[in-house]
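Chemist: sequence below, structure please.
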Amino acid sequence: MYLITEHLNMDENFIAQRIPGVIWTNMTDLKLLDLSGNIFSGQIPSEVSNLSNLRELDLNTNLLDGQLPTELGLLEKLQVLKLYSNSFSGSIISELGKLQQLKRLDLDDNYFRGTLPQELGHLSNLEIFWANGNYQVNGTIPQGLFVNATKLQKLFLGDLSLSGTISPDIGNLQQLQFLQLKNNQFEGTLPETIGQCSKLLALELDRNQLEGPLPSNLGNLSSLSVLYLSSNSLRSSIPAEWGNLANLTTLVASSANITGAFPSEFGKLSNLQYLLLDRNELNSTLPSEIGNLKKLCESQFTNAIDLCTYLSL
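Modeler: Predicted coordinates for the structure are as follows:
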């Protein structure tokens, strides 16, 4: 018996059982399968390959475990795969790189280990990739993500154990809006080509081993709103060109080994609300232009260099 159903949505029903086998074996017309927000347990079986018409598979926030079946790579029409907040383990399978129609891949908050397979760099239609919170995933970012996945808008690879440098090819990602690489072991410098990611809204690079100099052309990113650089080994001054970041609301660079003078050009950042530069080696004298930052004291914390006190003088 085959069930002719294209959409099966049972999200957030607190169903506590294994996923019924009939879904994998008989519902071969499914285009959308959403079982998220339940208490499903067990593993994804190899029979998932029977769902050859599937466009979206959403199993997030369950108690699923075990290794991912290589048969996932046979779902050639799949565009969305959400597996986050489960207990999957083992390696991230290279067969995911065969999903040429894939636009969104969410693997975050599981127990994956090993490296990010280079085959992920073949996903030329990928727009969103989450893998953060898998602390045992190590190695480098697949080079192909910076070369082939030019449609990427969101790349979240924070709280892993990745290392190496940030490739200059990141400048190819001109649709990128969110880049999170926090709490890894990246080293070397932030490449100048980051200034080509003109749509970038948020850049989180804190808790790595990055070094300076900081790229001046980061100041070209007129849409950038949030910048985190804390806990790095930058040994660099803040470029004056960053004073052109007209939409910057948050700059957090505590304990980042920042040196030199505080740029007077920051007085132009009229939208700046949060500024934390504590535990660095900045010169003690602040330029008078800091008085232009009228929104800064509207925040709940601006104790990095006590600007609220400065502005009250």
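
Chemist: output the below-cut-off pLDDT ranges for the chain.
Modeler: The chain contains residues with pLDDT under 70 at 1-4, 284, 297-313.

Chemist: from the centroid of it, which residue is nearest?
Modeler: Nearest residue to the geometric centre of the chain (Cα atoms, centre = their mean): Phe156, 1.4 Å.

Chemist: contacts only, for that one.
Modeler: Applying Cβ atoms under 8 Å, 6 or more residues apart in numbering, we find Phe156 in contact with Asp108, Phe129, Trp130, Ala131, Asn132, Phe178, Gln180. (Each C-beta comes from the backbone N, C-alpha and C, glycine too.)

Chemist: can you report phi and psi for it?
Modeler: For Phe156, the backbone dihedrals (degrees, to the nearest 10) come out as phi -120, psi 100.

Chemist: what ranges does the stretch 201-313 of the chain have for its strands?
Modeler: Counting by DSSP state E, counting those that start in this stretch, the stretch 201-313 of the chain has strands at residues 202-204, 209-211, 226-228, 250-252, 259-260, 274-276, 281-282.

Chemist: Ser41 is nearest to which of those strands?
Modeler: strand 202-204 (33.1 Å; Cβ to Cβ).

Chemist: contacts for the closest one?
Modeler: 158, 177-182, 194, 224-228.

Chemist: between those residues, which sits nearest Leu282?
Modeler: For Leu282, the closest of the contacts of strand 202-204 turns out to be Leu227, at 16.3 Å, with distances computed as Cβ to Cβ.

Chemist: one step back: how about the strands of the stretch 201-313 of the chain, which one is nearest Phe88?
Modeler: strand 202-204 (24.2 Å).

Chemist: partners of the closest one in the sheet?
Modeler: Its sheet considered, strand 202-204 pairs with strand 178-180 (parallel), strand 226-228 (parallel) by DSSP bridges.

Chemist: could you measure from the residue nearest to the centre of the chain over to Asn9?
Modeler: When distance is defined by Cβ to Cβ, to the nearest Å, Phe156 is 25 Å away from Asn9.

Chemist: same thing with Ser91?
Modeler: Taking Cβ to Cβ, one finds Ser91 at 30 Å from Asn9.
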